[in-house]
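Engineer: A structural model of the following input is requested.
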Amino acid sequence: MKNNIMTAAINWKRNLWTVWLSQFLSLAGFGMCGPFIPLFMKDSLGISDDAQRGAWVAVFTFAGLISLFLANLMWGMLADRFGRKLMLLRASYGTALFYPLMVFSPDVYWLIGFRALSALFTGTVNPAQTLLVSTAPPERHGYVLGVLSTAVWSGNMTGYLLGGVIVEIWGYTTAFLCCSFLYAISGLMIQFLVRENFKRPENTPCKERKKLSREIMAPGVIAVLLMFLLMGAGRRIDQPFVAMLVELIQGDKGAAFYTGIISAGGAVGGVVAGFGFGTLCDRYPPEKMLIPVVVIAAACAAWQGISTNIWSLGFARFFYYFVAGGMQPMLLVMLSRLTSPEHKGTFFGWSASVNVAGGICASAVSGLIAYNLGIRAIFMAGALLLISMLIPGVRVLLSGGIGKLKEKV
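Structural biologist: Below is the predicted model:
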């Protein structure tokens, strides 16, 4: 079958660095707001009780992830029918329009409602990954995904640092409006500088459904999607509670500033991981590298939970994201090698939805954990979820690796 993306006329390197810069701006905008939601609930909405606030943070996260899960399923399939660039534009402009509405929430119910609404139209990373993989040579997929992950982490790092300063000096409204501006600039860059020569699939709907069903049921694809589910749960369960752990260790004074510093330190680890692990995935079997990475990531997650000072938490967060930041490029390369080019958008969309589904499961119980066992228990639960990735990971290795599994598709 002819590939529905004509890569010969596309300068994939130009696309890569343009998308890189756009995602750096987007994630910087998101980083200005996301980590500070627990503080916003306390300072602007009057939720001061830590147990109650932990429960509301879990509900807030749950509402956003449910919407994002449904949206990724829909947008991923539409990307294969109408183009990947269009989906990236939708996410960029949608975030610019809807995400800042949260700062105008009169109470926590409106905040949760605005979060659910914005999540239906947001999420730029997945369409960016799909677009780059669809326009780059297959032997460079690990490289482009690794490089793109550095944009995510460095953008987050910049946003965390700027967000901490902006919130402390100018307040939450300024931070959210800056977020909107950066996403709008990102969308304009994609619209005018990125090229995609997209052609609709030539298969009949019946043949497409049969081929897609066959790929879905492949043992390698199922194992990789299961690892996405567990990774999503393990990595997302602690994200909304970093600010509260900082408060627990440091106290209320300067909590936003130190949250920004700790979050930025973790993002630095993710930047380093993106360059290193992405390139290694093109040279060595990613399924073999994944096992030690998962073990070290789980140990670092537990280290955060037992930290008693800011320095310890900062180092733990850095090393956690250094190793955990390499997991997603590895899994995406594995999935890309198992699936056909014309279904990349669908499978990448599903991987994102499964990842989010893990976060949904985690957020559903995180509030109960925070309320009954305390904030530190959240981070220990994350370690247990990550270590459970070894079950499908080892199964892939025992089955002969991705090469053998692809023969069964």
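Engineer: quick check, residue 310 in contact with residue 247.
Structural biologist: No. Using Cβ atoms under 8 Å, residue 310 makes no contact with residue 247, being 11.3 Å away. C-beta: built from backbone N, CA, C; applies to glycine.
Engineer: looking at the two, which one has more neighbours?
Structural biologist: residue 247 (22 against 15; other Cβ atoms under 10 Å).
Engineer: ok, that one to residue 160 distance?
Structural biologist: Distance, residue 247 to residue 160, using Cβ to Cβ, to the nearest Å: 16 Å.
Engineer: report the distance from the helix or strand harbouring residue 364 to the chain centre.
Structural biologist: Assigned by DSSP states H and E, residue 364 belongs to helix 344-373. Computed by Cα atoms, centre = their mean, to the nearest Å, the separation of helix 344-373 from the middle of its chain amounts to 11 Å.
Engineer: buried by neighbour count: which residues of it qualify?
Structural biologist: Across helix 344-373, burial judged by 16 or more other Cβ atoms under 10 Å covers 344-364, 366-367, 369-370.
Engineer: do the same with stretch 62-78
Structural biologist: 62-69, 71-73, 75-78.
Engineer: wait, what's in contact with the closest residue to residue 58 other than its chain neighbours?
Structural biologist: In this structure, residue 58 finds its nearest non-sequential neighbour in residue 367, 3.0 Å apart by Cβ to Cβ, 6 or more residues apart in numbering. Remark: with contacts taken as Cβ atoms under 8 Å, 6 or more residues apart in numbering, residue 367 is in contact with 54, 55, 56, 57, 58, 59.
Engineer: and the fifth one, how many neighbours does it have?
Structural biologist: The local packing of residue 58 (other Cβ under 10 Å) involves 24 other residues.
Engineer: state whether it and residue 370 are indeed in contact, as I suppose.
Structural biologist: Yes. Assessed by Cβ under 8 Å, residue 58 is found in contact with residue 370 at 6.8 Å.
Engineer: just checking, what packs against the helix or strand hosting residue 297?
Structural biologist: Taking DSSP H and E as the definition, residue 297 sits inside helix 286-306. When contacts are defined as 3 or more Cβ pairs under 8 Å, 6 or more residues apart in numbering; DSSP states H and E, helix 286-306 packs onto helix 219-236, helix 255-281, helix 310-324, helix 327-338, helix 375-387, helix 390-398, helix 401-407.
Engineer: could you list the buried residues of it?
Structural biologist: Here helix 286-306 shows 286-287, 289-290, 293-294, 296-305 as buried, counting by 16+ other Cβ under 10 Å.
Engineer: likewise stretch 160-174?
Structural biologist: 160, 161, 162, 163, 164, 166, 167, 172.
Engineer: any idea of the mean pLDDT for it?
Structural biologist: Throughout stretch 160-174, pLDDT has a mean value of 89.
Engineer: now do that stretch: distance to the chain's middle.
Structural biologist: Mean-position distance between stretch 160-174 and its chain equals 23 Å (Cα atoms, centre = their mean).
Engineer: so where's the stretch 251-400 of the chain uncertain?
Structural biologist: The model of the stretch 251-400 of the chain has pLDDT under 70 over residues 275, 341-342, 344-345, 398, 400.
Engineer: and for the stretch 51-200 of the chain?
Structural biologist: 200.
Engineer: go again with 90.
Structural biologist: 51-55, 57-59, 61-84, 119-123, 125-127, 129-131, 133-165, 167-168, 195-200 (pLDDT under 90).
Engineer: what about the strands in it?
Structural biologist: Assigned by DSSP state E, counting those that start in this stretch, the strands in the stretch 51-200 of the chain number zero.
Engineer: mind pulling up the pLDDT for the residue nearest to residue 178 when sequence neighbours are not counted?
Structural biologist: In space, and not counting its chain neighbours, residue 178 is closest to residue 32: 5.6 Å by Cβ to Cβ, 6+ apart. Predicted confidence (pLDDT) for residue 32: 90.
Engineer: then residue 218?
Structural biologist: On the pLDDT scale, residue 218 gets 68.
Engineer: can you tell me which helices and strands the longest helix along the chain packs against?
Structural biologist: Taking DSSP state H as the criterion, the chain has its longest helix at helix 50-82. Helix 50-82 sits against helix 37-45, helix 84-98, helix 108-119, helix 125-135, helix 242-250, helix 344-373, with contacts defined as 3+ Cβ pairs under 8 Å, 6+ apart.
Engineer: spit out the contact partners of the nearest residue in space to residue 57 that is not next to it in sequence.
Structural biologist: Closest residue to residue 57 apart from its sequence neighbours, by Cβ to Cβ, 6+ apart: residue 240 at 4.6 Å. Residue 240 is in contact with 37, 38, 57, 58, 60, 61, 363, 366, counting by Cβ under 8 Å, 6+ apart.
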